[in-house]
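A.B. asks: I would like the atomic coordinates for the input below:
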Amino acid sequence: MEFTPKESGLFRASIDALKEFLPTAQIRCSSAGIGINGMDGGHIGFVDYFLAAGDMLSCKIPRPISVGVSLAVLARVLANVGSGDKLTLSLNAKEDRLIVSYTNEHVSKRGLYEIALINLTEDALEIPSLDYAADVQAKTSDILTALREVSAFGEFLDLTLNDEGFHVEATGELGSAKQTLENIEGREMMLEDPDTPVSAKFAAKFLLSIVKGGGSLSSTARLEFDAGKPLRASFHFGTGSRFVGYLAPRVAED
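C.D. replies: Purely as a prediction, here's the structure:
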């Protein structure tokens with residue numbers, strides 16, 4: 001098994017985002033590409049990452065294989081890799097070490113790391129198909145700014161989509177805050193029923209983590225949500241690669 005991403009910086013950013021939810025994970029490799037998914041320890045968020053073979057300089061994976069690795073350790077190694085470095089990941093002959101190597105001919109630099117594999121037996125998780133009543137597509141930076149500024153006022157964020165736009169609200173000890181992204185050209189906001197607003201509440205910390213992670217990969221974000229359903233945040237890049245995060249809603253207490 002050996003693969004070389006076209007953009008080492010994007011792969012580094014992907015692993016950095018994934019490690020926030022998955023300290024350890026299976027890297028599932030096939031001729032189609034590289035997949036990593038799983039649920040965080042609190043079962044609040046689920047992340048699904050796929051790097052397509054078309055977004056690699058080379059993808060030499062003759063047979064499907066899964067390897068368990070500490071994403072925290074892998075992220076620490078990749079932090080040393082610059083965007084201009086050529087990055088390659090492979091297995092050693094015994095298939096008990098992940099080899100991370102990188103080169104940069106312009107500065108005559110080489111790096112080589114061996115990461116011990118972890119015996120993980122988790123099966124790949126699949127999220128059932130979901131339909132949503134609210135769908136927002138906008139610049140990732142616009143959504144992230146709204147979430148970040150409002151989150152200073154509360155632990156949970158209320159998301160609402162109506163005919164006036166996409167609203168983010170929070171209330172806490174400091175007071176309350178509200179940001180609105182209006183439905184203008186360059187943004188797509190769709191309601192299943194144009195006359196029925198949709199609202200749902202989510203944990204600010206996890207929502208920010210997902211959007212921040214996706215924002216390092218794609219300039220456009222798509223948020224889909226509905227009352228009682230997990231939010232889906234999608235980020236697509238390259239020719240067929242993706243980073244998708246799901247976040248369980250905050251259920252109102254009686």
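A.B. asks: Low-confidence ranges, the chain, go.
C.D. replies: For the chain, residues meeting the criterion pLDDT under 70 lie at 122-125, 252-254.
A.B. asks: Mind doing that once more with 90?
C.D. replies: Of all residues in the chain, those with pLDDT under 90 make up the ranges 20, 39-44, 82-84, 104-109, 120-129, 174, 250-254.
A.B. asks: and it, what are its domains?
C.D. replies: Domain assignment for the chain by automatic domain parsing gives 2-116, 134-247.
A.B. asks: now those as TSV including distance to Pro128 and mean neighbour count?
C.D. replies: Heads up, the C-betas are built off the backbone N, CA and C, glycines and all. Formatted as TSV, these follow (distance: least, Cβ to Cβ, whole Å; neighbours: other Cβ atoms under 10 Å):
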stretch	distance to Pro128	mean neighbour count
domain 2-116	12	17
domain 134-247	10	18
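A.B. asks: Among those domains, which comes closest to Glu126?
C.D. replies: For the domains of the chain, distance to Glu126 was read as Cβ to Cβ. The smallest value, 8.6 Å, belongs to domain 2-116.
A.B. asks: The nearest residue to Ala227 once chain neighbours are set aside: helix or strand, and which one exactly?
C.D. replies: Nearest non-adjacent residue to Ala227, counting by Cβ to Cβ, 6 or more residues apart in numbering: Ala200, 5.4 Å away. Secondary-structure assignment from DSSP states H and E places Ala200 in strand 198-203.
A.B. asks: Paired strands for that strand, with orientation please.
C.D. replies: Each strand that pairs with strand 198-203, with its direction, by DSSP bridges: strand 156-162 (antiparallel).
A.B. asks: what lines up beside the next helix or strand along the chain from the strand it pairs with in the sheet?
C.D. replies: Downstream of strand 156-162, the next assigned helix or strand under DSSP H and E is strand 165-172. Here strand 165-172 has these sheet partners by DSSP bridges: strand 156-162 (antiparallel), strand 175-181 (antiparallel).
A.B. asks: On the C-terminal side of the last one, identify the next helix or strand.
C.D. replies: The reference is to strand 175-181. Beyond strand 175-181 in the direction of the C-terminus, DSSP H and E gives the next helix or strand as strand 188-191.
A.B. asks: Could you list the residues in contact with that next one?
C.D. replies: 133-138, 161-163, 165-166, 183, 197-198 (Cβ atoms under 8 Å, 6 or more residues apart in numbering).
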